[in-house]
Every structure is written in C-alpha cells, then in structure tokens.
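Colleague: Following is a predicted model, sequence given first.
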Amino acid sequence: MNIVVCIKQVPDVTEADLKINKDGDDIVKDDLEMVINEWDNYAVEEAVRIKERHGGKIIVVTLGDEDSEDILRRALAMGADEAIRIDEEGFEGSDAKGISLALYHAIRDLDFDLILTGAQSSDVAWGQVGVLLAQMLNIPYATLAMGIEIREEKAVVKRELESNMFERVELSLPALITIQTGINEPRYVSIMGIRRVRRLKIEEKDMDDLEISQDSVGSSGSIIESKRVSFPLEGEGAEILTGSMDEICERLTQIIREKGGM
Amino acid sequence: MIPQREIFWNIPWVWPFYLLSFISVFIFFYGLLKHILFWKEGIKKQRIRLLLKGIKDVVIDGIFAKRIFKGDISAGIMHLSLFWGFFGLFLGTILLALDHYLISFLKGKPYLLFSCTLELFGLMLIYGLVTAFVRRYIQRIKRLENKTEDLIVILWLLLIAITGFLLEGVRVAYQVPAWGKWSFVGFIIGNIFSRQTALEIYPFIWWTHVLLSLSLISAIPFSKLFHIMGSPISIYLNSEPLQITPAEDREGRFFYLKDLVQLDVCTRCGRCVEVCPSNGVGEPFSPRDILFMLKERLFLHRDKEFDPGLIWYCTTCGACLEVCPIYVAPFRIIRQLRSQEIEDGTRVPPIMIQTLERLYKYNNPWLSTKKKRAEWAKDMDITNITKAKERGLMCYFVGCTTSHDIRAQEIARSFSNILKRCGIRFGILGKKEPCCGDIARRLGEDGLFEDQMEDCLSLFEEYEIKEIVTSSPHCFYTMRQEYPALKKGYALSVIHYSMLLESLIKDGKLRFEKELRLKVTYHDPCYLGRHNGIFDAPRNVIKAIPGIELIEMEHNRENSLCCGGGGGRMWQEELDVELKMSERRIMEAHNTGAEIVITCCPLCLIMLEDARKTKELEGSIKVMDLSELVLMAINRRRS
Amino acid sequence: MPGILVLVEGRKGELRDISFEMLNLANRIAKQEDLSVHALLLESEEKGFLDKLISLCNKIIKISAPSLRDYSPEPYIKAIISAVEAVSPDIIMIGHTSLGMDLGPALSEALSIPLITDCIDVRFKDNRLYASRQIYGGKIHSELLIKAHNKYIVTIRPGTFEPVYELGMSADIMEIQMPEWDVPAKRRFLEYIEERIDDIDINSADILVSIGRGIGKPENIPVVQRFADEIGALLSCSRPVADKGWLPKSRQVGTSGKIVKPKIYIALGISGAFQHQVGMKNSKTIIAVNKDPKAPIFNIAHYGVVADMFQVLPVLEEKLKKDA
C-alpha cells in the first residue's frame, strides 16, 4: 500500500494573543510557533498504521517555506519514508485550488494506492484541498474519515456524519481520503526520533519543476479578490460580571438559582 | 588419635563424586555466564571503577546485612543467621577440601574448634530457615509474595542442613571418636543409631547430602539463590556516581549494567512495595512487579503480558531505593523503560504527548506560550539578567511550575521579597528562562532533556552565570546531579533556596525580630530530601523563627511520603482511587495537629493545596511554602 | 433566470434544519437583489417534502432517482448539473455539513465554479459575491470579496441563521429527469451506522456544566464533577475533550456531538468555536467562564466571567452550598 500524505504547517493559536497585520488581511505570524495541522497529524498516523498492517511506502508532501521542513521530518520520524517540499515561492496568496494544483503536479507521477489529507486546516479551514486534488487526479474520494479498512483492492471508509451517525462507503483504489480528528491516537515523536531522520534528504520542488503557470496559482489564480480580517465583535452577547471573586460568585449563585429553579 | 576428619570415610566409590561435582560446577558456571552475558547487554560507554566506598558497602550491607534490619529486625536476624550459617558451612567445606587435598591443618585443637564452630553455623542455618518458613507461611508477612520457588529453596536448604547433621551423627555413632562431643549436635543425634545401622546407612545419607548440595550449587544461577552472587554486585554498583550516557550513544539499548544487574538480582522481598506511595493508596502499580516483568521478558525471554500504562504511575520518589537492602532503584529502571517507550512512541499516554510537545515548543508544560513566564515578576522590579549590563549575578532560576501556576507563583514572589529585604543581589532570566529538563528526563525524553540542558548551559555561559539558586527541588536535582553526569567540566554552583536562607540566617543577614506563634509541620519534598540529602536546612530555617513549634509527621525525612506530583504524575490521567497520594499526605499533616504544613517545592505545594480542598480540610490546615512562612515572619516586625 | 439554487438536505425522513436556514438566507438575498429562489430536492422516492418547501421559494426542482437515495458525489453532481442547466442560477447554496463538505469541492471542479466554504454570511451585489467566514478557530473574522464570475457556490455554516418554515410564497414544481450514465461508480454507499453509547443522556439535564480545553488536564475533571454534582448538573464537554478521551463522546456538545437546550449551560474553559456554539446556543441561560476576554463564547453567552475557572469554582461551590 503506497500512500501519499499531504500535510500543512499552521500557526499554533491555542493560547496566543493574536494581532492583525498592517495590511489588515491576515494575522501577524512572527511570534507564533508553527506546528503541523492537527488533522494532518491524524492523517500521518493513520498512514503509518496502514503501512504497519499492509506494508508499502509513505511519501509526505507539503507546500511551504523552509521552516515547514520541520513537519516533514516529524512525519518521517513517525514512519513516513520520503518527503517532498514544494517551495512556496510563487504560490503565496493561493486559494484552495491553487494549493491543490501544486500538490497535483507534484503527486501525479508518483506511484500510490491511497492519498490521505486532513479534512481541513486549523488556520483558514477551507476544507477543499483534499477533494479538489482527488478530482484533478480523477480518483474516487471520501471525506471526514473516522475509520479506514483496506479490503482487497478497495478501501472501506467510515465517514462521520452528525451526532453519532456514521456511514460506510467503499472506494476502489487508488483513492483519496480526508481524515477527521479523533480517528486514532497519534504516536509520540521523540527528539531522538527526529534527530535520527535529520539527515534524510527532503526532495525540493519549485514552480518551474512542476511546470505550473503563474497565473493559475498565487493571488492571480485565487478566487479571492480582497480579504479583510478583524476580531469578532466582543462582548456583544455576554454581560461580563465584574468585582471581587466573592461578588461575582454571589451574582452567579443568584442567576443559577433563578434560572435553574434549583 | 588426633582429632581430624576423613572426608571420604566409608565411601567405596569416590569417582562419581568428582564427576558429579564437575558437572554441578560446570552447570553453575554456565548459569553464571548467562547472567553475565545478560548484564553485558547494557548500554556501553560506562566506567566501572574501584571505589573504597563500594567495598565498604559490600562489607557492611553484604556481609553484615545492615539494611535488612531496617524496619524489620526479625528479618535481619533471620537473614543473618541463615546467611552466616550457610556461608560458614560453605567455608567449612572448603577448608576440609584444602585440608584433604593440600595441607593437612585440621588436626587436633584446630579441628575441635572447627568442628564446634560448624555445629553453631549449622544451627544458625536451621534457625534462619525455620524462621524464614514461619515468616512466610505462618505469620504470612504481607510484603512477601510466596512463590513455589520460595518454599522449595527453604525446604531444600533445610534438608541439606538436616542431612548434614544426620551424617555427622551417624558417623559419630559408628566411629565414636573421643572428640565426638565437639560435634555436639551430631553427638546427640548419633545416639539413636546402633553402630551397625550407622555403618550401613552412612553411604546413603552421604550421597543424599552430596546430591542435594551439588544440585543446589548448580541451581544457584537459576533460582533466587543467585542473589548470593548478585547482591554484592548490586551493592557495589550503587556506590558508582550517577552516569548518564548521551541518547545518541545508547545504540538502541536502554538499560545500564546496574539496571540489568538489579532487575536480575531482586529477591522480591517486597520492601519497595511496602513503601511505594502509589501502591500505598491502592493504585495498581508495584515496583517489584515491573522489575520482575522486565526480568521475565529481557532475561528469560518469556513474552509476559503487561500493561504499558503502569510504568507512568511511578513518581520517582526514591522511597524504594531508600529501603532496598541491596540498593536496587526501581524508579531508575522504570525511567529507563520510559525512555524506551518514548522512542517507540505508540504506547505513550496522549496526555504525556501533549505535555512533552508543549515543553518542546514553549519551554514549559503548562501553557502554549513562552510569554507568560515572568508574569509573576510583573510589578516587582527584579533585575532581568538577560537585559542587564551586569555580569556574574547570582541567578534565581524560577522553574516552569513556579513561573506558571498561580498558587506556586507566590513562592517566587515571597523568595524574591526575602532576598531584597536581606539586600542580596540577584537576577532572573525572565521570559528567556528555559526548562531545566527535569520533566523531560523523568518522562524518559532524553533527547529533549539534552536539548533543554544545552539551552540552559549556553544561556548561563552567555550571561556568565556561575551561581544558581532555585526554588524547585526538581531543578535543583537536575542541575546539581544530572548536568554534571552528562557534561564534563561542569562548574556551576547550584543550591536550593532553603540552603540559601539557612546561610543567610547563620550570617545574620536574615533576622526574625518578633515571634510568630504557630504550630507547623514540615513535608520533606522527595527531590530535596531523599534525592539530595537536604533535610536539615529547611528545618533549621523554620526553627530559627521564634515562636514556631515544629512537629514532625509520622513519615518524615528519608521516610517522607511522596505528594504524588513528581515523575510526570502531575500529568497522569485521573485514576479512580479511594485516596490520592496527596490526600494521604495532607491527612497525615493534619493528624499532627499542626495549623500549617510547610513545604519547599512548587509541585508539593500545588498537590497538597489540591488535596486540602478535595479532603475538605480548608478550615483545618493551611499549606504554605517555606518562603511564605519566612516572609510572614519578617513582616511581623511591622505589625 | 437569475437566482439562488438551494440544495436541501434530508435525514431519516425529515428535512434538516440547515435547509430552512439556507432558505432564510437565500430569500433575504433574493429580496434585496430581486432574484429567484429555487429549492433543489434530490430524492429517490416521494417523501412529502414538497409541502414543507412550497411556501419558501419560487420554484422547487425535483429530481428523483434510485441513485440519489443515499448521498454519493457522482450521482449528486450529475443531478445538480441538470438543475443548473435548467435554471442557470447565480449562486448555488449548499449546507456546510458532512454532505456539503464532501460534495462542494467536487461540484466546484466539475462546473468550474468558485467555491467559498463555511460562510457565516453572504452578500450579493451587482453580481459580486461577498462572503464572511471565521478563521483561526473562530478567533478571527474574515470578510472576502470574490473575483467576478458568472456563478458561485457557497456552503453555509449550520446554525448561523434562523430556520424559516413559512414565507407565504407559492412555488412551482419542476421535475427533471435524472440523466443516465453507465460509468461504474467508483464510490459506493454501503450502510449507515448509528452509534449508541450507553451513558447518561445530557439532553435530559436542566443544567449542564461543560468543560473545554481550559480544563488543562483530565486530573482536574473530578473537581468540576463535584461542582456539577453539587448543583444537580450533568457534565458535558466540547470536542477537544472528547477527542482526547477525557470524557465519553456521548458528552460532546456541538455539530458532531449533541445539540442541547438546557435551562442553564455553564461553559468552563470553552473558547466557543462555532461548531460548539451550534450545539448549545439555544440554551435558555448561558454562563461562560474563560481566562481569555476575547473568547468567542462571550459573544453568545448571557453572562460572562473573565477568570480562571479554578478560581471561580471553589468560591461558587461554597456559595451554592450555603444557599442550599
């Protein structure tokens, strides 16, 4: 089972104080730690498990700058065999389709049975790249996988619908599957593990290697004409309680008793 | 007739004896070799040196078995008589052989003395064995787990001892030597046999005795009796200073020679289980079981079923090492096992993964940001060494927990205030302070630990820091003991703040003007007490405050009960236990009648504070850090 | 005919709320820009949905075929293409559901139409599409202007708009034949699986105490459990807590968990990502406690406390005990 996994590096915003850049079209990322997109981490783990069960090779691919080599090495330490980095020069400002095009050109000549990607990314959350890539490659796909079984030449995917409802679909291989969080428990990657793969060569490709025209990607290829970001309106809903902890809890007690009919 | 012994008397064919001896000794050495080869599978790149302390320990703890008496005098007596009895008889047999094959010296008075002494040894042996039997099967002492092997060994040795006396009795019954009374036990036994019977049964008893003895010798490496050879080695290796091999040089091995010897030689006495705080509150963890599981898998190559989650229970408190008669340190072996699991990665609990990843990215296990590290010092006007021009300042290394946990931040504030009041110049590293590496190291992430150590050391070098005081015993231990084990030429002076306070009091720089009438008790943090031997400094500080009455808890100093926060336990999944370790400890503190329990470790502080709440003792006892107490005492001056 | 084509979704014999939410939005845009609203109903057999939709749009396009019984992208795309050819809409509106996420990009590729996913608002003026989205886990709001195109596809976030059930319109019904095709499907629907986890049903609680990532570590859960027990509440959580296995999945509140409407919902350490908000925003009273004053949960809570939940809980518990 040869598997290609597409991964993305995103900023870790869980506890950060975000700031908007001066152009007003994105956040300031300099202060933020870059990590592997959580959905993609589950995808890498899933690929490693499939490889452990069925054998084969895993190639991880990302579109990013030099720093994104970190996530490639992490994936190699987890059990991937090869890594490809598409340098982001020329692709800045790409929308989902632009990214998918880049991945498409890098992947189409590879020998694969399965492509795994995260269902969405934690930064812009388009949730489109996986499916677009499948369409470009003209292979069957399924999204939001919570379980994958390989039976003969087919993949049976358990898809998450809503509220404890799932469905099972069968895909003929080669196929693309997008992974939902919680499908597995990703293994720990130790520092020693990362050090050991430090010397593995990461294949680099750029726009010219991929023979993509500039206007089909980047801002020129993007469907977005302009983008403005802001902080969501604050305090629009809640009445923020103030005072000492004692006073606040006194008020809360009142509210709970009134509204809860305790 | 001169008193002497003819060893092959009445034995017509002696050659089978030599054959059997040869076979038995061969099997013995074969078995011994297997053990040695196993021990050699440890991490290479270690130095074993000849140390006087080691030899001293072997004599005191090996031959005099001093540690076996600890906490269980009857065990000490039992083992000593058994051991000396056995060894005495063994030596006796050797002397007889020497006497027979080399120089005949056991004649006359020497022989009488010899004979009499052997009687005593024989009796000691039997006494020891009978006591052992009683302890295991009649008293049913809890910590002893009774396996078939234990019963067999006792009975076997008993049989050897009895047949030995019987043999002697039968011989004396026949020979009736003039010096027979010197073999007094045999003499008494011999009376029941007629001369004729004696002559006839002697060879049978002799061969029985020989077979039992020779097979015992062969069985030594294959049974718990191997501890005869192994215990002195374990005792000796304990005197070796801490050695840490860089993770890159481990070459796929995870245990040191000492670890392999120890897990091999453990006799399952159960003292470690008795004092283990995790086991003590009913958690499914037992240091003995883990060691035994490792022995089964690594040495005996049996694929034993084992729950990998269990290894994360250990708090590394060191209580096990404190009581082990042969200095086995299960918590160290478990740490090594953790480093193996970390390398594998698939069985690491998700909560640990999250903690380690946070440590890696943000230098602390609490928050996903580096920015809040010096928040506690916000309004305090403390020199930031990384921004000051001055070099060579004493560095107060705050530590991750003290920096980030809201309750623990009080330690940093109190201690800084004390230093300022005493006019001591110091600085902190602010947001740049890395993690000392303790958590990574305890969890087995040696690669991360080394990286963090390098970060610390290069920072210290950059700002020419030579003196460090820390408020966390964990940072203290790591920097004081583990950094030098990895880094040659390490020249940092690292002290725990209680030691600094003690010296400030001695120098008169820290004075308490007014009384502070309080009844307090003191909780020895594992990493300050057991792991670093600092028991008195905090106590001296407390006692220096006039009006304080210090009451000791039942488990104090080396026997202190772990709060349950170390070894990564702070990040262990919640378990459904009747009682938590921290709760057990806070109740013990409460039972002293003290108003406050003082500690000087941020983890202990948090754990005990939590337990205080969950055990609903908020009205009955307070938890304070030593620095908070001291600050309270110096503030008395004003009121 | 310029207009908005809304793909309605059903589940277990009922039209899902998202359909009615989208029709609300579609009609709002249609009124402003003088457009028509077409509801696209794909089903395998008559389910009685027509009555529910007839007052909500100008035209109902109905395509029936056995291959449309359970969602699969290939037949759905074929059907939608026919509908698009028939009415040539400006905007195709689909729910950002498990169906929409699966279908949307494939539809976009097949029709070469730009797709904007997970919209919380859509404006259409002079044939230009403006979309509002949330990024970085709901911490940042993003306004987009899409490049001019003759058609657009948008997926709408469930729970953003109020569902409407009656607008007093009278829709025409247009039936389209499902085109035939005999390319073997590379993807085959097998079965549905409903997972019932034997645990307390959080829907039965009057008061829910809900924990999010702010709980820090599972060791802190018993303290909250105790608080919940004290006030007779059940414990629930947001997705990250369930994903990590700290609470069973049956306690998860949100789009992929349960939708709850208790009398009081106390959110502790929950940032309030939209997927969670959908699950609880209809609670009668929402109290949120979070260290981060910018947490999105404060937008929908009725009362908020900006503090560490572990500082609030003990004091609150004490007071509630005293009152009891």
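Modeller: That came through, no problem.
Colleague: Sketch out the low-pLDDT regions of the stretch 451-600 of chain B for me.
Modeller: For the stretch 451-600 of chain B, the stretches with pLDDT under 70 are B:572-577.
Colleague: In it, what residue comes closest to chain A?
Modeller: Sorted by distance to chain A under C-beta to the nearest C-beta, the residues of the stretch 451-600 of chain B start with residue B:451, at 6.2 Å. No exception for glycine: its C-beta is placed from N, CA and C like everyone else's.
Colleague: Look up how far residue B:315 lies from that residue.
Modeller: From residue B:451 over to residue B:315 the distance is 24 Å, taken as C-beta to C-beta, to the nearest Å.
Colleague: Same drill for the two, tell me which one is more crowded.
Modeller: residue B:315 (25 against 19; other C-beta atoms under 10 Å in any protein chain shown).
Colleague: what's the pLDDT at that one?
Modeller: At residue B:315, the pLDDT value in this model is 95.
Colleague: Tell me the secondary structure of it, please.
Modeller: At residue B:315, secondary structure determined by DSSP: H, G, I helix; E, B strand; the rest coil is coil.
Colleague: Domains in chain C, by residue range?
Modeller: Structural domains of chain C, as assigned by automatic domain parsing, span the residue ranges C:3-176, C:202-323.
Colleague: Save those as TSV, and put in mean pLDDT too.
Modeller: As requested, the domains of chain C are arranged in TSV below (pLDDT from 0 to 100):
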stretch	mean pLDDT
domain C:3-176	93
domain C:202-323	87
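Colleague: one step back: ok, residues contacting whichever strand or helix holds the residue of the stretch 451-600 of chain B closest to chain A?
Modeller: When secondary structure is defined by DSSP states H and E, residue B:451 falls within helix B:446-462. Applying C-beta atoms under 8 Å, 6 or more residues apart in numbering or on different chains, the contact partners of helix B:446-462 are A:190-195, B:246-247, B:339, B:342, B:356, B:359-360, B:363, B:386, B:395, B:429, B:432-437, B:440-441, B:465-466, B:468, B:479, B:482-483, B:486-487, B:492.
Colleague: Could you list the low-confidence segments of chain B?
Modeller: With pLDDT under 70 as the threshold, chain B has low-confidence stretches at B:1-2, B:45-46, B:572-577, B:637-639.
Colleague: Domains in it, by residue range?
Modeller: B:15-233, B:248-348, B:361-503, B:511-635.
Colleague: okay, the ones you listed in JSON lines with distance to residue C:249 next?
Modeller: Conversion of these to JSON lines gives the following (distance: least, C-beta to C-beta, whole Å):
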{"stretch": "domain B:15-233", "distance to residue C:249": "40"}
{"stretch": "domain B:248-348", "distance to residue C:249": "21"}
{"stretch": "domain B:361-503", "distance to residue C:249": "25"}
{"stretch": "domain B:511-635", "distance to residue C:249": "17"}
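Colleague: Looking at the ones you listed, spot the one closest to residue C:166.
Modeller: Among these, domain B:361-503 comes nearest to residue C:166, with 47.7 Å by C-beta to C-beta.
Colleague: ok, back up a step: please identify the deepest-packed of the domains of chain C.
Modeller: Between the domains of chain C, domain C:202-323 has the highest mean count of neighbours, a mean of 22, where neighbours are mean count of other C-beta atoms under 10 Å in any protein chain shown.
Colleague: Can you say which of the domains of chain B is nearest to residue C:11?
Modeller: For the domains of chain B, proximity to residue C:11 was assessed by C-beta to C-beta; domain B:511-635 is nearest, at 36.0 Å.
Colleague: Now do the end-to-end distance for the closest one.
Modeller: Distance between the two ends of domain B:511-635: 11 Å, counting by C-alpha to C-alpha, to the nearest Å.
Colleague: roughly how far out does it sit from the chain middle?
Modeller: Distance of domain B:511-635 from the chain centroid (C-alpha atoms, centre = their mean, to the nearest Å) equals 23 Å.
Colleague: related to what we said a few turns ago, just tell me which of the domains of chain B ends up closest to residue C:41.
Modeller: Smallest distance to residue C:41 across the domains of chain B (C-beta to C-beta): 46.4 Å, for domain B:361-503.
Colleague: How far does that closest one stretch from one end to the other?
Modeller: From start residue to end residue, domain B:361-503 stretches across 38 Å - C-alpha to C-alpha.
Colleague: now stretch A:164-180
Modeller: With C-alpha to C-alpha applied, stretch A:164-180 spans 14 Å between its terminal residues.
Colleague: And stretch A:122-136, by the same measure?
Modeller: End-to-end distance of stretch A:122-136: 24 Å, with C-alpha to C-alpha as the criterion.
Colleague: so, in contact with chain B or not, that stretch?
Modeller: No: residues of stretch A:122-136 are not located near chain B by C-beta under 8 Å from any C-beta of the partner chain, the shortest gap being 13.0 Å.
Colleague: what comes up buried for that stretch?
Modeller: Along stretch A:122-136, the positions that meet the burial threshold by neighbour count (16 or more other C-beta atoms under 10 Å in any protein chain shown) are A:122-136.
Colleague: what's the helix or strand for the residue nearest the centre of chain B?
Modeller: In chain B, the centroid-proximal residue (C-alpha atoms, centre = their mean) is residue B:321; its distance is 0.9 Å. When secondary structure is defined by DSSP H and E, residue B:321 falls within helix B:319-323.
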